[in-house]
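Asks: sequence-free structure coming up:
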């Protein structure tokens, strides 16, 4: 009678260990990271990579109460809002079909703002000697979260981070100039290649 | 003979328990390799991490007072960051490469590791997150100790 009991105990222990390993592995897969890469291609230039687990950023942000950042909300002065109703503006963009909203072509700069596949896209091309190209892609869910529960003169950065961690892998910002490359993106890979 | 055995067992148990307690927060590892043209030095220090908050306890509170007051206001943020880091998967937090120098800050297991490699030396430091937390708490609490010491009315 003791032998089957021992076997049963071993089986239960093995099962429990396997179950905890599986849940740990599963939890590892759900972690998402905000990656920032800055590469200076000048002679002697440096390369910087920062990888922040979004779960940490989500925990830390609400605890910061400094200046305009209070409890995950960024306060914007009324003067800076220029009487623009951002909530109404975002709602209008959200319900609008994919479209190019702004297109400015100047001698030294082109700017384009559009909505495409659930993202707000901003392209800026500078044609001066720096010849810089900036692409910003923000998932609409993140833009929504910025304003959904915020007062009129606030943006909810904590909610935006949460929305970002729920969104799929996304390339948020790229800046390319003759000497510098900047890339900011979100994915589930904690140790991407430099 | 039996009594001696019991005493020895008791002493061994006490030593084992003390060793277990001291090692409970893991170990701090410092590994420095200097590459001089003529000679090479290799320094390795491995110490129980629990000694750091204990050592911090013996720093006179007035020496830490200013820093402690500054630190205290950021403690909720520091606590959240360390707690998040402790729970996070292993990750390379910062990786800086420039000609002749490479800096890596990683979260590995329950520790934060910093690895700096340049043409003259290699420095590796590994500190358990729990030890960082205890030490920072210890330093932040120093302002309370200093306040209490200030308020003692010697008559």
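Replies: Structure received. Everything quoted here is computed from the prediction, not taken from an experiment. Numbers count the residues shown, from 1 in each chain, chains lettered A, B, ... in the order given.

Asks: End to end on stretch A:105-123, go ahead and measure it.
Replies: 11 Å (Cα to Cα, to the nearest Å).

Asks: Ok, stretch A:126-141 next?
Replies: 29 Å.

Asks: how near is residue B:86 to residue B:79?
Replies: When Cβ to Cβ, to the nearest Å is applied, the distance between residue B:86 and residue B:79 equals 11 Å. Quick note: C-beta positions are derived from backbone N, CA and C, even for glycine.

Asks: got any residues that touch both of those two?
Replies: residue B:133 (Cβ atoms under 8 Å, 6 or more residues apart in numbering or on different chains).

Asks: Centre of the chain to stretch B:87-95, how far?
Replies: 18 Å (Cα atoms, centre = their mean, to the nearest Å).

Asks: Quick check: residues of chain A near chain B?
Replies: Taking Cβ under 8 Å from any Cβ of the partner chain as the contact definition, chain A meets chain B at A:28, A:31, A:33, A:44-53, A:55-56, A:58-60, A:62-64, A:190-191, A:194.

Asks: how many neighbours does residue A:144 have?
Replies: By other Cβ atoms under 10 Å in any protein chain shown, the residues close to residue A:144 number 17.

Asks: Over to the one 10 residues further on?
Replies: Summarising burial for residue A:154: neighbours were counted as other Cβ under 10 Å, giving 18.

Asks: May I have the phi/psi pair for residue 62?
Replies: Answering for chain A, as no chain was given. Residue A:62 has phi and psi values of phi -70, psi -20 when expressed as degrees, to the nearest 10.

Asks: burial count for it?
Replies: Using other Cβ under 10 Å, the number of residues around residue A:62 comes to 18.

Asks: Tell me the confidence at the closest residue in space to residue B:88 that isn't next to it in sequence?
Replies: With Cβ to Cβ, 6 or more residues apart in numbering or on different chains as the criterion, residue B:88 has its nearest non-adjacent residue at 4.4 Å, and that residue is residue A:53. Among the per-residue scores, residue A:53 holds a pLDDT of 93.

Asks: end-to-end on stretch A:56-67?
Replies: Using Cα to Cα, the end-to-end distance of stretch A:56-67 comes to 21 Å.

Asks: What lies in contact with it?
Replies: A:34, A:69, A:71-72, A:157-158, A:161-162, A:165, B:76-77, B:79-81, B:83-85, B:88.
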